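# got a predicted structure here, sequence first:
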Number of protein chains: 2
Amino acid sequence: MQTKAILIIADGLGGRPTDLGGRTCLEAATTPHLDRLAARGALGLVDPIGPGVRPGSDTAHLSLLGYDPYALYTGRGVFECLGIGLDVRAGDICFRANFATVEARGTDLIVIDRRAGRIESGQDELAAALNEIGIENVPEVSFEFRASTEHRGALLLRGERLSRYVTENDPHGTGTPALRFEAEPDHEDEAARRTAAALNEFAERSYETLRDHPVNRRRVEDAEPPANFILARGAADCPDISSIESIYGAHGAVIAGGALYRGVALACGMTVINVPGATGGVDTDLGAKARAALEALGEFDYVFVHVKGADNAGHDQDAAAKAAFIERIDSELVGPLVERLDWSTTHLAFTGDHTTPIDYGDHTVEPVPVLYVGPSVAQDATTSFGEREAGRGGLGRFSGRVLPILLGYGNWAPKFGS
Amino acid sequence: MQTKAILIIADGLGGRPTDLGGRTCLEAATTPHLDRLAARGALGLVDPIGPGVRPGSDTAHLSLLGYDPYALYTGRGVFECLGIGLDVRAGDICFRANFATVEARGTDLIVIDRRAGRIESGQDELAAALNEIGIENVPEVSFEFRASTEHRGALLLRGERLSRYVTENDPHGTGTPALRFEAEPDHEDEAARRTAAALNEFAERSYETLRDHPVNRRRVEDAEPPANFILARGAADCPDISSIESIYGAHGAVIAGGALYRGVALACGMTVINVPGATGGVDTDLGAKARAALEALGEFDYVFVHVKGADNAGHDQDAAAKAAFIERIDSELVGPLVERLDWSTTHLAFTGDHTTPIDYGDHTVEPVPVLYVGPSVAQDATTSFGEREAGRGGLGRFSGRVLPILLGYGNWAPKFGS
């Protein structure tokens, strides 16, 4: 019999010893529900990509979901485009993009604010105007820009003979001109030159289109920086990813506030479940996510729930906030699940996508604790959930593939060989 | 100094918690000899192929013996042919094959019994008749069929310009026509078409040759289904496997009842030791295997002993039978070895090739306990042999390569680099 599965990834979960009594934030947090699951199930340590590899969030998720990021990953843009809801197809070139404020000086456009004052309204109107732009000098290329939160968005480029090997136009500083897109020196070919030419035309036209847009006229009147330019970076093309359903036969859904995580899951063939109040921040409604996950398990074979807040607190180097958010995950997400899941027919895995220790404030290489519980899992001797307890766990240490192992406990794995 | 080595693989050894008090079959079994070896040696967990990969028996054995099945594996047929005793050479195309019963209806041959009533005598005479068949329409192609147990056998195709990318003729059902061999759609080339044409001619001629054979005339008289057709599946070509001796310098032997395991070992360059009474089933003579292994260690540097019964009981979902067979392994195979091996000059490894849990009745993804003992092995804190004790073992968790590690303890490993 095949069982249901739920995978919870708490972004940036892992950590290092902190001022909280030498404990990690996870160890310092009071997590009675996770501890009870640890006592019923088994723990291990997972290197999200491999030992000593410092993961990005996108590559870590690909690896934890069972894919080889070294073979598949071309850049974050494609997952951002997917996560924002763009219809990404093979051959498309995708970018992370954002509104910026520039000022014309001679032929240069000088970047004044890389985030256009973190614009909070009117982005969709600006995006609609951008999407009217037609590229004239490069045949058969079209664009689509979509806004997400504040200044953020994604840009998709579609057409024949395009290449992801182009540089970006973001100078990563202010008071300096926006850069021109160019073919990367190591990959200079007709497709890359064509792509760069189309992007340069789009960038110029974006300024012409946006500078006098009513939204920006109002912003200037209000002494706010106009959102009059598009900076694009992280060129990526759509990797050829076999869906999880095609490999395992399991039909899955994702619940995630952040566009990137929805995008990775979409690339792997999951269905997105939108949960009002799931923001991808520390203010997210975890109870709503728990309810949505329970409901989704009626329809889907597995559900992947992503929670972002612990990573944000880690990047902010705020140990108390990270521990507090982990406590919220335990009480508001794990607690309701523990109470309401049918444990005779469900397996659960809980882990992080990487460590974000307080002392460093960014991702580091250490492995992350992972917990499995359900009818196929032989209980080990651990009794709480944390980095060091996981180091004593019965599952040892392995690399990536947390979802394939979870689906394997649920008897979904295909046999390799005979 | 280099020491002798003995590798025991108990097929399907691993399991999940069962009704035997929540223990796995291995944990529930009384295994004083394995427990004593665990106390003297060290335990770990091995993912036969990799974490979250559900192994076949053939791919798992290749990986445990130190090879990369993703690079080498083309199908089970080649190991079946080798194991049955066919002389497989580079370029040969190998199949698992079996006698079946068909009935002519018009131009179709309708499959009536895919196993020809599990025929129990006369197979060698039928095989001899088949091996008289000459292929007329495809030049320079010859066949060899060899019968093994009951309806089972193997078919080898030899000639220039052949391809393994052909479909099978087994419809995997009855009352339906035998299929025609065809080039696989993704690999349609002259070699594949040539191979399919030769196979179709062989299949037709097999019916003409077998239908009126005296063995089948007797079967029909006795109201038994005639073995009048050959179904072939699992086309594979001989992988280019460097022998274990060429890599490690160690000269090895295999003791295994099942043709598949002898075949994998032959492909890796081991010498087959035939042991009367070693059946590859639960009725196998384990004491005879122990005596043969002890004797072989006089001549060979290492001996690989394969024992099948625990897997059979797992597939039958019979927890008591699986535990009982593991107890027999302990008392009839491990016990005599423990007593008679020269422990100052021998290393022993004991593991399984995959889990076959009772609740599922087929291979699953979980790692398998592995035990090493001998003069180079640092004793860990474990005191019994089982899944959870192995999770506490001093050897941690690793993937495949159980034989290279064993030969490494015995100082046989080649240095990579300098």
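Yep, that arrived. Numbers count the residues shown, from 1 in each chain, chains lettered A, B, ... in the order given.
# nearest to chain B: which residue in the stretch 51-200 of chain A?
Of all residues in the stretch 51-200 of chain A, the one sitting closest to chain B is A:Gly66 (6.9 Å; C-beta to the nearest C-beta). From N, CA and C alone the C-beta is placed, and that goes for glycine too.
# OK, contacts around that residue?
A:Gly66 sits next to A:244, A:247, A:400-401, A:403-404, B:52 when contact means C-beta atoms under 8 Å, 6 or more residues apart in numbering or on different chains.
# list the contacts for whatever residue of the stretch 301-418 of chain A ends up closest to chain B?
Scanning the stretch 301-418 of chain A for the residue nearest chain B gives A:Gly417, at 2.4 Å (criterion: C-beta to the nearest C-beta). Listed by C-beta under 8 Å, 6+ apart, the contact set of A:Gly417 reads B:55-60, B:69, B:73, B:76.
# want to throw these into CSV with neighbour count, pLDDT and distance to A:Ile110?
Formatted as CSV, those follow (neighbours: other C-beta atoms under 10 Å in any protein chain shown; pLDDT from 0 to 100; distance: C-beta to C-beta, whole Å):
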residue, neighbour count, pLDDT, distance to A:Ile110
B:Pro55, 29, 97, 61
B:Gly56, 21, 96, 63
B:Ser57, 27, 95, 67
B:Asp58, 27, 96, 65
B:Thr59, 28, 97, 60
B:Ala60, 29, 98, 63
B:Pro69, 25, 97, 58
B:Tyr73, 22, 95, 60
B:Arg76, 26, 91, 67
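# among those residues, which ones are in strands?
Among the contacts of A:Gly417, the subset assigned to strands under DSSP state E consists of B:Pro55.
# would you format the contacts of A:Gly417 as JSON lines with distance to A:Thr271 included?
Listed next are the contacts of A:Gly417 as JSON lines, based on distance: C-beta to C-beta, whole Å:
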{"residue": "B:Pro55", "distance to A:Thr271": "30"}
{"residue": "B:Gly56", "distance to A:Thr271": "31"}
{"residue": "B:Ser57", "distance to A:Thr271": "36"}
{"residue": "B:Asp58", "distance to A:Thr271": "36"}
{"residue": "B:Thr59", "distance to A:Thr271": "32"}
{"residue": "B:Ala60", "distance to A:Thr271": "34"}
{"residue": "B:Pro69", "distance to A:Thr271": "33"}
{"residue": "B:Tyr73", "distance to A:Thr271": "34"}
{"residue": "B:Arg76", "distance to A:Thr271": "36"}
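# now, the contacts of A:Gly417 that are in helices?
Members of the contacts of A:Gly417 lying in helices (criterion: DSSP state H): B:57-60, B:69.
# picking up where we left off before, neighbour count for the contacts of A:Gly66 - can I get that in JSON lines?
Shown next, in JSON lines, are the contacts of A:Gly66 (neighbours: other C-beta atoms under 10 Å in any protein chain shown):
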{"residue": "A:Ile244", "neighbour count": "25"}
{"residue": "A:Ile247", "neighbour count": "18"}
{"residue": "A:Gly400", "neighbour count": "28"}
{"residue": "A:Arg401", "neighbour count": "23"}
{"residue": "A:Leu403", "neighbour count": "27"}
{"residue": "A:Pro404", "neighbour count": "24"}
{"residue": "B:Gly52", "neighbour count": "22"}
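# so which of those residues comes closest to A:Pro185?
A:Gly400 (32.6 Å; C-beta to C-beta).
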